[in-house]
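**Student:** Pasting the sequence and the predicted coordinates here, then a few questions.
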Amino acid sequence: MQATMTQPNARARRERTSFKGIGRAIKYLTKHGRQAVLPYIFLIIATLSQLAVPRMIRYVIDAVTSGFLADQVLQALENIPAPFMSAALPQILDALGYDSAWSLEQLTATLEADLGNAPQALMTALVAILVFALLRGVFSFLQAFWAEKNSQSVAYDLRNDLYAKIQQLSFAYHDKNQTGQLMIRATDDVEKVRLFIGQGLLQLVGAVILLSGTVIILFSSNVALAWTAMPILPIAIVLFGVFASLAQPMFTKVQQKLSTLNTVLQENLAGVKVIKAFTREKEQQAKFRAAADDTMNQSIAVNRLFTFLFPLVFLIANLGQAAILYVGGKQIIVGTLSIGAWQEFSLYLMYLFFPIMMFGAIVTQMGQASASADRVFEILDAESDIVDKPNASKLPAVKGDVKFENVTFRYVGGGDPVLKNVTFEAKSGETIALLGATGSGKTSIINLLPRFYDPVEGSITIDGHDLRDVTLDSLRSQIGIVLQETTLFSGTIRENIAFGKPDATLEEVQAAAKSAAAHDFIMSFPDGYNTHVGERGITLSGGQKQRVAIARALLLNPRILILDDSTSSVDVATEVHIQAALETLMKGRTSFVIAQRISTVINADKILVLEKGEIVAQGKHAQLMEEEPIYAEIYNSQILSQQSEVSS
Amino acid sequence: MMHGRNILNQETIKPRNLSETLGRLGKYFGSFWHMIVLAVLFVVISTWTQVASPELMGQATDCFLVPAGSSAFAQLAPPSIDQTQGSPDSAQETVSSCWLGTTEDPSTLSFSRQIIYNAYHLGGYTTPELATATDAERIEGMFRLILVIIALYVIGAVLTGATFFTMAWTGQHVLRVLRVEVFEKLHDLSMSYYAEHEAGDLMSRITNDTSAIEQAFSFALVNVFSGILLLVWVAYNMLTASLPFALLSLAVSPLMFIATVWFSGQARKAFRKSREEIGNVNAELQETISSVREVQAFNRADENIEQFKEVNAANRDANVRAVAYTSALAPTLEALSYVGLAIVTGVGGWYLLTGDTLFGATVTLGLVITFLAYVQRFNQPIQQIAVLWTNIQNAIAGAERIFTILDEKPAVVDKPAAKSMTEINGRVEFEEVSHEYEEGVPVLDKVSFTAEPGQTIAIVGPTGAGKTTIINLLPRFYDVTHGSVKIDGVDVRDVTADSLRKQIGIVLQDTFLFSASVMDNLRFGRPDATDEEIYAAAKLANADTFIERLPEKYETVLGERGSGLSQGQRQLLSIARAALANPRILILDEATSSVDTRTERLIQKAFDQLLEGRTSFVIAHRLSTIRNADMILVLQAGRIIERSKHDELLAKKGFYYDLYMSQFKKQEEVESPPL
């Protein structure tokens, strides 16, 4: 399985058509069953309420206008002198749209009914509006809230899964993937997925319901008017499409320009001393000005685009209103449409337009979310090449006999093997010093022992057990590691020492610290073992860190030890302490030491001299000095010259 | 079109001195005043179109739509339908009478209405007698009206676009000016500023803060201005049309405003908490992912996963709490706007029906329609303004941060009468030099020494003794607190920093290279160097061999910060760069991080070459350097405690002797093999 990261943008473009990632992310949502459906139910209620309001407004207006009209006509009727009535009546009935055969009494009765009912109808409709408004408000809130809540649960699950996976993936994976990249996937990418699964999906469904509901209502009330409003849809869609396709590349360009600008800025901030030293300020300023101009011009170009298209979009919406005004107006004049219906249309028109505007945004969001989902699942799908065998047994309490037999190893994607046919043996309690130039294979040997990698050929055994046959847990808990680069974690000193054995008692921790010559300086802190270290605590010096690391390894009481005995620049006194601590550490344990110190080399039970992945010499110091010129040369150039560093 | 949720998630930092900052910022925009005047003009006109169109909708109703159906019997009955025309009670012109059609003397209309009136009657059109107009005439009349409405929409759209562009254009130009100004300021500032301020923070100010200012001014400010203008204009129209009706219709609006302010306030508080939590999640991720090897080595995966779950859950819960507020805002506003509509239709409708006057004002259907449109337009900006105001506040706070940088006085400045440094011979004198980075904490205490031209001075001592300070003072990265540094008898403060630094070469421990080609990086030492000179410098520094082996040799482009090369290779390039500059004085920090032996030797040889013939100051780490130095300065706690050549110092059996013994003894044994 490919473990490499690819450029996010390239990936996004390629993956645009595949929505598998989003589909799997949605499964995280549906896992919650009823809770997941809840927002959608609320959505339906909220949308239906929203659709009802313009209709209610129409009822209000119609009730009012018919009542008003009835009032006017009744007054007018009273003013018509009796002799003219019979002649006028049919005309009046015709103008009002009633059956011309009606009698005056019938007309009067209808009109009075209209007038009488009007206030009632008005009140009912108003109350209905208020009720629907309330429903809309409440369910709108519930829908949004639950959608967000669910999406947060999805994000929670995704992050937990990602975290667990990352922790368990092997070194080979982490060699290829930087922390920063992985972090972005766990934070930004998960967030993008969450946004879509929460709001985006819901809005999408909501927009579809609103749009189709509106279209249905429009067509069922007044076909002619509905057709007048319809052209907005395709026009708006086309417009958005054009807009998006033009804007996208321009946005990318702006990002690029900004990125260049930032690079110049960053370099100037980081290298300000060099720039000042070489008096290159003017040059850099010219560079920055050019980049700033570039960015400005590109941004203005984008704005120009917006200037044309954005108002155009709103103009289309308004033209729709104008069209409705005209067609509707004609119908009102001719008498086939009521004023209430006309207003209703006007309001529904907004419901047509809104979803379309949302579609654009949602589709973009979906694209991004899909790309992000793919990146997230890329990690979740990654296979670790170092796993426990199906029936791996526990490694029993180790005595400490280690054997490398014909071990060949290469890093994934690396060319030549870094270890070639390496064979050696270390008996329990022996100190094995590893010597060789950079890249000779020393680090690989100590990486293979705790099974951070597997050899390509050959085998490594501890007390006769092949490493691949035992569980990783049981193996690693019996190997202590102290390397040159010590990482401590934010927590108390006690927690750090107890890193490998969290349930260690304070006595055990202190004992380990004492052996590591760390106890004294730890007690010199006001909080002692409870002193916080790391980001939100104090920073320990290099030498102090190293001793804590030694204590950490000592606590495990491992039978096998891996260590790099160099010390980062420390003063003489600390030097001595660390030396003593290391000696304590190595006593009685099978130790593999990347040797820098003379004392280590001289006292080692076996020295392995490595060159280009092969053991070129094995033996004790005195013997090697005599017999192996290679050893002598390395000893002189490396060991002695390392010691010549004047502490600064 | 702002997404409410996102805006509420931003931190609101209140500016400390609003008016002062605003004034200062205004000066930047001042140079573009003509654009701003133009933009204001556009906004006014486009807002007018937005205010005028509801009125026209009302006119459509009152002039053409309502009287429909009543024309049939208008001839049969005395005209009492058109209540307003000629009625002795309505001496004041009620708003929604059909002034478009029936006004005798247009000059009695308000200015705004006159424009519309004239536009409507363009071409000599006369409105028909409304009481007796035929359907066809009404339709024609309405059609003309719609044309005017469309014209208004078009003008509004065009001008909105023009406003947007104008302000964006201006904003971008101001942004550019600001960015360049801050950048150039950064170069002015001295090393002490950089020691005290985080690079990340500076980056953020120049990129994010300037950007926030641009957005606030080109978008937020314009929208807030036009929004307020619209509000005020609409409110005015409504209130003058019918005070009581207007008050009732607008009753909801203050509630909307309060709701916006309250919800967003609560949301912001909640989001602050959620930001803390995500910070924790980030920290947890950062720490454990970067040290995953340790985690696996110590079998800590399970514990870490449990720990992470807690932090993750805290983040989730904080977000959900915040979301409760943001989810409530939009629905509340929407519901309130529906209530507003209900009030308009209800109140208007009631009075229309009962025929009563609403506190003395007549309500016509047209008025109701107009008010419906007004109310919709009124409620829109309220939400926007509350949200955009946050943007503006943030931007002004950002401007303050930027001005802080611009106001910073550099610690090292050229004296007004500073001359150019003449060609340096190389005699360096430190006379009773004391230096304090922080007041009261001397790092150097009365340090005095003289270096003759061409000498190599090695500086040794424990950490914090003051070695780095000495070499910082020479090129005037800092100015001394007391005493003086003289080169060829000239106090360095009397010459320009530029002329001084041009003649001093520096090779530091932390090599900085640019993401440019090797050639360009080398040329950095002296821009006018010929290619041959560059190759020669590379050869001198023993860098030519590895450069020739690079994929594109000298044209190979280095990665960010010069990545792609090993530490040793970077050092070699750095030496070559300094060699090219051919300085008379050289400053060198020898401390090397782990490089392989072979490269180490190359570097050593390169350094030796570089030191030849120049007055050099070396923070020494190599045996050969100390041995060959013309003078060794032994520093401790800011004082020179011993100075001499190597052998003499050894003979003294003092501090140097101890230092040497514990570190170099073994190397000596190599020279004369043991046994």
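**Tutor:** The structure has been received and is ready for your questions. What you are looking at is a predicted structure, and each value in this text was computed from that prediction instead of being measured.
**Student:** Up against chain B, what does the stretch 351-500 of chain A have?
**Tutor:** Residues of the stretch 351-500 of chain A that fall close to chain B, judged by CB under 8 Å from any CB of the partner chain: A:357, A:437-439, A:450, A:452, A:472-473, A:476-477, A:479, A:481, A:487, A:489-490, A:499-500. Just so you know, the C-beta spots here come from the backbone N, C-alpha and C atoms, and that holds for glycine as well.
**Student:** mind checking how far stretch B:508-522 is from the chain centre?
**Tutor:** 28 Å (CA atoms, centre = their mean, to the nearest Å).
**Student:** ugh, wrong one, stretch B:279-292
**Tutor:** With CA atoms, centre = their mean, you get 27 Å for stretch B:279-292.
**Student:** Just the buried ones from the residues of the stretch 351-500 of chain A next to chain B?
**Tutor:** A:357, A:437, A:450, A:452, A:472, A:476-477, A:479, A:481, A:487, A:489, A:499-500 (16 or more other CB atoms under 10 Å in any protein chain shown).
**Student:** which one among these gets closest to A:Met85?
**Tutor:** Nearest to A:Met85 among these, counting by CB to CB, is A:Met357 at 56.3 Å.
**Student:** which element is that closest one on?
**Tutor:** helix A:339-381 (DSSP states H and E).
**Student:** Heading C-terminal from that helix, find the next helix or strand.
**Tutor:** Helix A:339-381 is succeeded, C-terminally, by strand A:402-409 (DSSP H and E).
**Student:** got the residues of the stretch 301-450 of chain B near chain A?
**Tutor:** Near chain A, when you scan the stretch 301-450 of chain B using CB under 8 Å from any CB, you find B:301, B:303-305, B:308-309, B:312-313, B:315-316, B:319-320, B:323-324, B:326-328, B:330-332, B:334-335, B:338-339, B:341-342, B:345-346, B:348-350, B:352-355, B:365, B:368-369, B:372.
**Student:** Out of the residues you listed, list just those in helices.
**Tutor:** B:301, B:303-305, B:308-309, B:312-313, B:315-316, B:319-320, B:323-324, B:326-328, B:330-332, B:334-335, B:338-339, B:341-342, B:345-346, B:348-350, B:352-354, B:365, B:368-369, B:372 (DSSP state H).
**Student:** Poorly predicted segments of chain A, please.
**Tutor:** Judged by pLDDT under 70, chain A has its weakly predicted residues at A:1-18, A:95, A:97, A:413-414, A:438, A:535-538, A:566-572, A:597, A:637-648.
**Student:** any idea which residue of it is furthest from its center?
**Tutor:** Of all residues in chain A, A:Pro83 has its C-alpha farthest from the mean position, at 85.9 Å, by CA atoms, centre = their mean.
**Student:** Quick check on A:Pro558: phi, psi?
**Tutor:** The phi and psi values for A:Pro558, taken as degrees, to the nearest 10, are phi -80, psi 150.
**Student:** residues contacting it?
**Tutor:** A:398, A:477-480, A:589 (CB atoms under 8 Å, 6 or more residues apart in numbering or on different chains).
**Student:** Generate TSV for these, with secondary structure and distance to B:Leu558 as supplementary columns.
**Tutor:** Below are the contacts of A:Pro558 laid out as TSV (DSSP: H, G, I helix; E, B strand; the rest coil; distance: CB to CB, whole Å):
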residue	secondary structure	distance to B:Leu558
A:Val398	coil	47
A:Ser477	coil	44
A:Gln478	coil	45
A:Ile479	strand	39
A:Gly480	strand	40
A:Arg589	coil	44
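**Student:** Between those, which sits nearest B:Thr556?
**Tutor:** For these, the residue nearest B:Thr556 by CB to CB is A:Ile479; the value is 41.7 Å.
**Student:** you'd agree that closest one is up against A:Phe452?
**Tutor:** No. Applying CB atoms under 8 Å as the test, A:Ile479 and A:Phe452 come out as separate, 10.4 Å apart.
**Student:** circling back: looking at the contacts of A:Pro558, point me to the pair that's furthest apart.
**Tutor:** Largest separation among the contacts of A:Pro558 by CB to CB: A:Ser477 and A:Arg589, giving 14.3 Å.
**Student:** chain center to the helix or strand encompassing A:Ser140: distance?
**Tutor:** Assessed by DSSP H and E, A:Ser140 sits inside helix A:104-168. Put simply, helix A:104-168 sits 33 Å off its chain's centre (CA atoms, centre = their mean).
**Student:** Likewise for stretch B:59-67?
**Tutor:** For stretch B:59-67, the distance to the chain centre is 53 Å (CA atoms, centre = their mean).
**Student:** now swap in stretch A:527-537 and tell me
**Tutor:** On CA atoms, centre = their mean, the centre of stretch A:527-537 falls 31 Å from that of its chain.
**Student:** try stretch B:121-136
**Tutor:** Stretch B:121-136 has its C-alpha centroid displaced from the chain centroid by 59 Å (CA atoms, centre = their mean).
**Student:** Now it - C-alpha only, CSV.
**Tutor:** Listed next in CSV are the C-alpha coordinates belonging to stretch B:121-136 (Å, rounded to 0.1, in the frame of the first residue of the first chain):
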residue,chain,number,x,y,z
HIS,B,121,-43.1,60.1,-18.5
LEU,B,122,-40.2,60.0,-20.9
GLY,B,123,-41.2,60.6,-24.4
GLY,B,124,-44.1,62.6,-23.6
TYR,B,125,-46.2,59.8,-22.2
THR,B,126,-49.3,60.8,-20.3
THR,B,127,-51.0,58.6,-17.8
PRO,B,128,-54.6,57.8,-18.5
GLU,B,129,-57.4,58.8,-16.3
LEU,B,130,-57.1,56.1,-13.8
ALA,B,131,-60.8,55.9,-12.9
THR,B,132,-61.7,55.2,-16.4
ALA,B,133,-58.7,53.6,-17.9
THR,B,134,-59.2,50.5,-20.0
ASP,B,135,-57.4,47.2,-19.2
ALA,B,136,-55.1,47.8,-22.1
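**Student:** which parts of that stretch are buried?
**Tutor:** Buried, per 16+ other CB under 10 Å, within stretch B:121-136: B:121, B:127-128, B:130, B:133.
**Student:** same deal with stretch A:296-307?
**Tutor:** For stretch A:296-307, a neighbour-count test (16+ other CB under 10 Å) marks A:296, A:298-300, A:302-303, A:306-307 as buried.
**Student:** Stretch B:457-470 now?
**Tutor:** B:457-462, B:465-470.
**Student:** closest point of the stretch 351-500 of chain A to chain B, which residue?
**Tutor:** Closest to chain B within the stretch 351-500 of chain A is A:Gly500: 3.9 Å, counting by CB to the nearest CB.
**Student:** and that residue, that one's in a strand?
**Tutor:** No. If the criterion is DSSP: H, G, I helix; E, B strand; the rest coil, then A:Gly500 is coil and not within a strand.
**Student:** near chain B, from the buried residues of stretch A:296-307?
**Tutor:** Restricting those to those within reach of chain B (CB under 8 Å from any CB) leaves A:296, A:299-300, A:303, A:306-307.
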